[in-house]
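# structure, please.
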Amino acid sequence: MFMSPYIIVFVVAWFVAQGAKYILQLHNNKAASFKTIITESGGMPSSHSAVVVAVTTLIMLKEGLASPVFGIALTFAMIVIYDSMKVRYSTGQQSIAINKIIDQQKLKIPKLRVVKGHTPLEAAVGSSLGLFIGYLAFIVGL
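The predicted structure is shown next:
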């Protein structure tokens, strides 16, 4: 059965980043579970960044810098990374602040779900991981 090398790289990058996240949580004595790793966003390293950079790197190496597909992939990668660092990170910080107000004022409204984004360091580490995985996939012939 044939499978796209880009899908393989996507899956590998996601599992490696999420696995690293799990190991780091255990190392830092935080509660870690596979359910949490799969259902929650945020944390070190950014799996969003790892995935989009891995796929974009493989496209660049296979198709070339002048490829329209590479241009599209790079554009989407930058949007995803920007969103994770700016929009989702800010939204997560706002949710935490609003939930504190709800607690302090003893309001009878449901708390907001905290959707964590990424710090620039988390995004950079995820991007570096993705670059390595994309390059490695190219070297092994995917």
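# what about the residue nearest the centre of the chain, distance to Ala73?
By C-alpha atoms, centre = their mean, the mean C-alpha position of the chain lies nearest to His48, the distance being 2.1 Å. According to C-beta to C-beta, to the nearest Å, His48 and Ala73 sit 14 Å apart. From N, CA and C alone the C-beta is placed, and that goes for glycine too.
# which residues does the residue nearest to the centre of the chain contact?
His48 makes contact with Ser41, Val80, Ile81, Ser84, His118, Ala123, Gly126 under the criterion C-beta atoms under 8 Å, 6 or more residues apart in numbering.
# secondary structure element for the first one?
Secondary-structure element containing Ser41, defined by DSSP states H and E: none, the residue being outside all helices and strands.
# Ile98 - how many residues pack around it?
Other residues lying near Ile98 total 15 when counted by other C-beta atoms under 10 Å.
# which residues in this protein form helices?
If DSSP state H is used as the criterion, the helices of the chain fall at 5-27, 34-39, 47-63, 68-82, 88-104, 120-139.
# for the ones you listed, which one sits closest to Leu112?
Closest approach to Leu112 among these is made by helix 88-104 (4.2 Å; C-beta to C-beta).
# who are the packing partners of the closest one?
Contact analysis of helix 88-104 by 3 or more C-beta pairs under 8 Å, 6 or more residues apart in numbering; DSSP states H and E lists no helix or strand as a packing neighbour.
# give me the contacts around it.
Under C-beta under 8 Å, 6+ apart, the answer for helix 88-104 is 41-42, 107, 109, 111-119.
# residues in contact with stretch 79-86?
Counting by C-beta under 8 Å, 6+ apart, Ser41, Ser46, His48, Ser49, Val52, Val53, Gly117, His118, Thr119, Pro120, Ala123, Ser127 sit against stretch 79-86.
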